[in-house]
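Q: pasting the structure only:
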Ligand SMILES: Cc1cc2nc3c(=O)[nH]c(=O)nc-3n(C[C@H](O)[C@H](O)[C@H](O)COP(=O)(O)O)c2cc1C
């Protein structure tokens, strides 16, 4: 099947922020049938991120306040080059800047590498103290950043949106109008909080964090469904997918490809292989010849 002009063996994708670029793990997920891998969001300078604990499990998913820890764009792109020397898969480089000018510098750097696709993380909830409200909640910022990046990028650009916007479909429409080639959604939900009752304190050192995993899947499906009605560009769906049926549902809601994040923590790297096999079993049973036959099939009651 194809995604943004790239041939991929399956719609399954590693979501941003889940694995560092470690060759053995990437090799394994590509071998197991993942079509694309997304890097951790890279910024111009390296970032240490927040003090731990930065991630906690609860009944229904994960909560994290990683704070965009990353080695910086220069070192991050060296890893992308190594990835392309070793593997066949498609790379999505995720970037995060503090303003449009920084996004443009990041986009230029990514364009001068062998990266296949560029994802703009407009929606991280964990750096509000530094960067204030995420750009994905501000219509004028979406337009400004996406059009500035679109003007310099030769490779396709995905805008990653937040489920926290009041009207996500409206934000997607603005991103499309500004020249985005695709939409990635959803980033983590919240902030939420998990509490240690004995300590009478939040479990995360940073108190609050973004929520991901199975509990956000119904929200992701609804928002992808809404956005699919409004835009013509492809959607990279993410949010709570942990098995083949979840991935099928997400494509029926309108996703053209599906990224898996939290389930890698829960089910290990094997989640890509099992999800692919479960999707194929579903398709065989229900007579779908190709993954792309599933896209947007949902009919409302
Ligand atoms: C530990 C952790 C770190 C993440 N870091 C990033 C990041 O750097 N950039 C980004 O765009 N999304 C990041 N995300 C969000 C995921 O890419 C994904 O959008 C979200 O977790 C929903 O998918 P899931 O329910 O499959 O995890 C992170 C999520 C987790 C759990």
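A: Now that the structure is in, tell me what you want to look at. For clarity, every value in this text was computed on a predicted model and none was experimentally measured. Residues are numbered from 1 along each chain as shown.
Q: Which residue is the nearest non-sequential neighbour of residue 196?
A: Among residues not flanking residue 196 along the chain, residue 203 sits closest, at 5.2 Å (C-beta to C-beta, 6 or more residues apart in numbering). Quick note: C-beta positions are derived from backbone N, CA and C, even for glycine.
Q: how deep is the residue of the stretch 151-300 of the chain found nearest the ligand tucked in, by neighbour count?
A: Closest approach between the stretch 151-300 of the chain and the ligand, counting by C-beta to the nearest ligand atom: residue 261, at 2.6 Å. Residue 261 has 25 neighbours, counted by other C-beta atoms under 10 Å.
Q: quick one, phi/psi of it?
A: Torsion angles at residue 261 (phi, psi; degrees, to the nearest 10) stand at phi -120, psi -90.
Q: Might one say that it is in contact with residue 17?
A: Yes: using C-beta atoms under 8 Å, residue 261 is in contact with residue 17, at 7.1 Å.
Q: just for the protein, where's the confidence low?
A: Applying pLDDT under 70 to the chain picks out residues 21, 126-129.
Q: so the closest residue to the ligand within it is in which element?
A: Closest to the ligand within the chain is residue 17: 1.9 Å, counting by C-beta to the nearest ligand atom. If you go by DSSP states H and E, residue 17 is not part of any helix or strand.
Q: Quick check: the gap between it and residue 264.
A: Here the criterion is C-beta to C-beta, to the nearest Å. By it, residue 17 lies 10 Å from residue 264.
Q: for residue 85, same thing?
A: Taking C-beta to C-beta, one finds residue 85 at 24 Å from residue 264.
Q: What residues does the protein have near the ligand?
A: 15-17, 40-41, 55, 62, 64, 66, 68, 94, 121, 124, 160, 187-188, 212-213, 216, 238-241, 260-263 (C-beta under 6 Å from any ligand atom).
Q: how many neighbours does residue 240 have?
A: Residue 240 has 27 nearby residues by other C-beta under 10 Å.
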